[in-house]
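Asker: Kindly generate the corresponding structure for this input.
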Amino acid sequence: MTPPRHDTPLIETIHMDKSYFNDGLETPVLHDINLTINKGEFVAIMGPSGSGKSTLMHILGFLDHPTGGKFLFQGEPTESMDEDTLAKIRASSVSFVFQSFNLLPRTSVLENVTLPLLYHPTIPVSQRHRRAVTAIETVGLMERMNYMSHQLSGGQKQRVAIARSLVTEPEVIFADEPTGNLDSHSGIQVMEALQKLHHKGHTIILVTHEAMTAEHAQRIIQIHDGRITADRRDFRRRIAGRESTLK
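Answerer: Next up is the predicted model:
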């Protein structure tokens with residue numbers, strides 16, 4: 001890939017569509033998606049079940065591909081990328097935090113966080129331990145580093161998943177309903193961890209159907225029936241301003 005210019009968007013879609021085909025039948029899911037996300041943004045993609053938000057995340061995270069329009073990553077059209085390039089991007093440039101944690105059972109926090117490094121194409125063995133410890137420290141779980149994953153609370157498990165997503169130092173972290181299996185207190189802790197990462201310069205794309213979760217982002221993109229219906233920046237600041245006028 002050509003090194004991106006400083007002002008090149010991290011992610012850009014132009015009139016992007018997505019349909020699924022089964023037995024000759026076409027089911028349109030995304031329609032005319034025009035979207036730009038810059039490095040360092042914290043973006044929430046919000047919509048009800050069936051709105052297309054997860055499909056959009058899967059395309060942006062290289063887990064699926066569009067059927068129309070363009071998707072550019074760091075200024076490069078993804079449709080022209082070969083499988084080796086796509087595999088390298090999946091291994092080193094994007095990472096995911098899922099609702100279900102996906103930790104290995106009866107395996108330590110340190111081992112779970114180290115796991116992505118075992119498959120990384122460029123990070124040497126000598127750096128694995130340091131990177132894993134740094135990621136665990138970032139999410140505030142140093143005192144749990146040698147605990148087994150089954151000994152952790154739900155909120156702690158999700159913070160381990162966040163540390164694991166960090167360890168390869170990806171360009172963008174995708175969080176898919178990261179608070180969906182958590183109580184409200186644990187959910188707030190997880191969102192505070194993601195905000196901390198954003199303040200350190202990480203790009204985060206959050207997918208959620210919950211308004212209170214989305215409000216932690218600096219920008220909210222609403223999607224309904226496969227179309228972007230709103231794109232609002234500085235959402236939390238406007239909410240705070242509205243509340244102050246009501247007092």
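Asker: CA atoms of the longest helix seen in the chain as CSV?
Answerer: Using DSSP state H, we find that the single longest helix of the chain is helix 184-199. Coordinates of each C-alpha in helix 184-199 appear next as CSV, following Å, rounded to 0.1, in the frame of the first residue of the first chain:
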residue,chain,number,x,y,z
SER,A,184,-24.9,-0.7,34.0
HIS,A,185,-21.9,-0.2,36.3
SER,A,186,-19.6,-2.6,34.4
GLY,A,187,-20.9,-1.0,31.1
ILE,A,188,-19.8,2.4,32.3
GLN,A,189,-16.3,1.1,33.2
VAL,A,190,-15.9,-0.4,29.7
MET,A,191,-17.0,2.8,28.0
GLU,A,192,-14.6,4.8,30.2
ALA,A,193,-11.8,2.5,29.1
LEU,A,194,-12.7,3.1,25.4
GLN,A,195,-12.8,6.9,26.1
LYS,A,196,-9.4,6.7,27.6
LEU,A,197,-8.1,5.0,24.5
HIS,A,198,-9.7,7.7,22.4
HIS,A,199,-8.0,10.4,24.4
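Asker: Run through the neighbouring helices and strands of it.
Answerer: strand 42-46, helix 154-166, strand 172-176, strand 203-208 (3 or more Cβ pairs under 8 Å, 6 or more residues apart in numbering; DSSP states H and E). Where you see a C-beta, it was placed from the backbone N, CA and C, and this is true even at glycine.
Asker: Enumerate the positions of that helix that are buried.
Answerer: 186-191, 193-194, 197-198 (16 or more other Cβ atoms under 10 Å).
Asker: how about JSON lines for the helices and strands packed on helix 184-199, with mean pLDDT added?
Answerer: Below are those laid out as JSON lines (pLDDT from 0 to 100):
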{"stretch": "strand 42-46", "mean pLDDT": "96"}
{"stretch": "helix 154-166", "mean pLDDT": "93"}
{"stretch": "strand 172-176", "mean pLDDT": "95"}
{"stretch": "strand 203-208", "mean pLDDT": "96"}
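Asker: Tell me which of the ones you listed lies nearest to residue 85.
Answerer: Closest to residue 85 of the helices and strands packed on helix 184-199 is strand 172-176 (Cβ to Cβ; 16.3 Å).
Asker: Strand partners (parallel or antiparallel) of the closest one?
Answerer: strand 94-98 (parallel), strand 203-208 (parallel) (DSSP bridges).
Asker: Show me what the last one is in contact with.
Answerer: For strand 203-208, the surrounding residues in contact (Cβ atoms under 8 Å, 6 or more residues apart in numbering) are 10, 37-46, 53-54, 56-57, 60-61, 171-179, 194, 197-198, 213-214, 216-217.
Asker: List the beta-bridge partners for the residue most central in space within the chain.
Answerer: In the chain, the residue lying closest to the centroid (Cα atoms, centre = their mean) is residue 174, at 0.8 Å. On the basis of DSSP bridges, residue 174 is bridged to residue 96, residue 205.
Asker: what residues are up against it?
Answerer: Counting by Cβ under 8 Å, 6+ apart, residue 174 has contacts 57, 60-61, 94-97, 204-207.
Asker: Can I get these in a markdown table including neighbour count and distance to residue 113?
Answerer: As requested, the contacts of residue 174 are exported to a markdown table (neighbours: other Cβ atoms under 10 Å; distance: Cβ to Cβ, whole Å):
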| residue | neighbour count | distance to residue 113 |
| --- | --- | --- |
| 57 | 19 | 22 |
| 60 | 27 | 24 |
| 61 | 21 | 20 |
| 94 | 21 | 17 |
| 95 | 23 | 12 |
| 96 | 21 | 14 |
| 97 | 26 | 12 |
| 204 | 23 | 18 |
| 205 | 26 | 21 |
| 206 | 26 | 21 |
| 207 | 26 | 22 |
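Asker: Show me how to select, in ChimeraX, the buried members of the contacts of strand 203-208.
Answerer: Buried residues among these (16+ other Cβ under 10 Å), as a ChimeraX selection:
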select :10,37,39,41,42,43,44,45,46,53,54,56,57,60,61,171,172,173,174,175,176,177,178,179,194,197,198,213,214,216,217
